[in-house]
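Enquirer: sequence-free structure coming up:
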């Protein structure tokens, strides 16, 4: 079985149509565990479905699943194949539409190389983080305007207990934490991704009472 | 084992502190399947976790899981017990904090009765729906302002392929569909719930570049 690295598919996708130049990277290594240790996390089936469906809804170009583990890459390529060409494609074609945005990468370095090659431009790399940090914080409003201006962004999402500090520090900045009424800030990566995409790419509301 | 119906817990919750008077109802019957037939859906573990975590983040009072099936009620009470008082409570207390918002109800009629008793006021019942409908559409902005004004809302979320028409029609209106760049509108209920709560209750962003 051939693993679909993002390289070939990405280039094809870029040629298909003029879309916003926004990609997502779902990072499985290096991320943190609840004891603030650096770990590699397992790819979660529902992350792919939920985040791909949100990505498709909001016009994201690609969702890159970043894991160095070959067994995980192989397993999730099988999941993708089920929905793209296997029985899942007949059962519910809408899942395939979303999951066609998903590609598998080894690490952040390879991801940035592939995205840069796709757009012929190095993207601005922004991390998401539930805590405030000293990194440069880019407001959602600013990034939204820059996307409309055809600027190129790669948004990194952390699994487990979030991106390792070295990932955040290697990028160009972070998006503000998503906050609510109190101190609780433990959204799932699926919920955080949906909110980030709505804030950056949502068309808002058309109808009122 | 005793099933935690929402009645007792809800009243306690209301007495604890002044919070926004917003509740969520996650409906498992009657909902639609992909052939537009009315069905009852199975409760999904990750729905409880993701939506409870978002509800806790955004200050929602309670998440009511609505299913008439006793075996499902029993199963998910066991899941809740694991995180609230069992091993899960030691392993990750943050999950218990969120899942303490979850209560189990039989049907929409019971849910409205319980919420009305809790707030001593019948809530405005709004459905969420991926399609535009002829029902009265309430803008997110209007509902957000009314929540700040201490108005009382019950927001209904549909599992499977969405709420059955009779549920939508029995309420006071719908929230606008969440739309993005194109025609694809197949967000998971987890993603839709997160976006709805951010739009209605998010505090926005504090820092800019």
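Expert: Looks like it came in fine. A quick note: this is a predicted structure, and the numbers were derived from the prediction, not measured.
Enquirer: ok, which stretches of chain A are helices?
Expert: Under the criterion DSSP state H, helices of chain A are mapped to A:6-16, A:45-57, A:70-84, A:87-91, A:93-99, A:108-119, A:140-148, A:165-170, A:189-201.
Enquirer: select, out of those helices, the one closest to residue B:86.
Expert: Nearest to residue B:86, of all the helices of chain A, is helix A:45-57, at 22.9 Å by C-beta to C-beta. The way it works is simple: take the backbone N, C-alpha and C, and place the C-beta from them, glycine included.
Enquirer: so which bits of the closest one are buried?
Expert: For helix A:45-57, a neighbour-count test (16 or more other C-beta atoms under 10 Å in any protein chain shown) marks A:47-57 as buried.
Enquirer: least reliable of the helices of chain A by average pLDDT, please.
Expert: The weakest mean pLDDT among the helices of chain A belongs to helix A:6-16, with a mean of 43.
Enquirer: how much space is there between the spatially most central residue of chain A and residue A:64?
Expert: With distances taken as C-alpha atoms, centre = their mean, the residue of chain A nearest its centroid is residue A:24 (2.5 Å). As judged by C-beta to C-beta, to the nearest Å, residue A:24 and residue A:64 stand 7 Å apart.
Enquirer: next: residue A:110.
Expert: According to C-beta to C-beta, residue A:110 stands 9 Å off from residue A:64.
Enquirer: of the two, which one has the most company?
Expert: Neighbour tally, residue A:110 and residue A:64, criterion other C-beta atoms under 10 Å in any protein chain shown: the higher count belongs to residue A:64, 26 against 16.
Enquirer: give me the beta-bridge partners of the more buried one?
Expert: Beta bridges link residue A:64 to residue A:25, residue A:103, judged by DSSP bridges.
Enquirer: and it, what's its pLDDT?
Expert: 98.
Enquirer: list the contacts for it?
Expert: A:6, A:23-26, A:102-105, A:111, A:114-115 (C-beta atoms under 8 Å, 6 or more residues apart in numbering or on different chains).
Enquirer: try 10 Å
Expert: A:5-6, A:10, A:23-27, A:101-105, A:108, A:110-112, A:114-115, A:154, A:156 (C-beta atoms under 10 Å, 6 or more residues apart in numbering or on different chains).
Enquirer: ditto for residue A:112
Expert: A:25, A:64, A:105, A:122-123, A:125, A:154, A:170-171.
Enquirer: show me what stretch A:92-100 is in contact with.
Expert: A:9, A:13, A:48-57, A:62-63, A:79-86, A:88-90, B:34, B:184-188.
Enquirer: redo that, cut-off 6 Å
Expert: Stretch A:92-100 is contacted by residues A:52-53, A:56, A:80, A:83-84, A:89, B:186 when judged by C-beta atoms under 6 Å, 6 or more residues apart in numbering or on different chains.
Enquirer: need the max-distance pair from the residues you listed.
Expert: Among the contacts of stretch A:92-100, A:80 and B:186 lie farthest apart (C-beta to C-beta), at 16.9 Å.
Enquirer: which one's more surrounded, these two?
Expert: Counted by other C-beta under 10 Å, residue A:80 and residue B:186 do not tie: residue A:80 has more neighbours, with 23 against 18.
Enquirer: show me which residues of chain A sit near chain B.
Expert: A:46, A:50, A:53-54, A:56-59, A:94, A:136-140, A:142, A:176, A:179-181, A:184, A:186-188, A:190-191, A:194-195, A:198, A:201, A:203, A:205, A:207-209 (C-beta under 6 Å from any C-beta of the partner chain).
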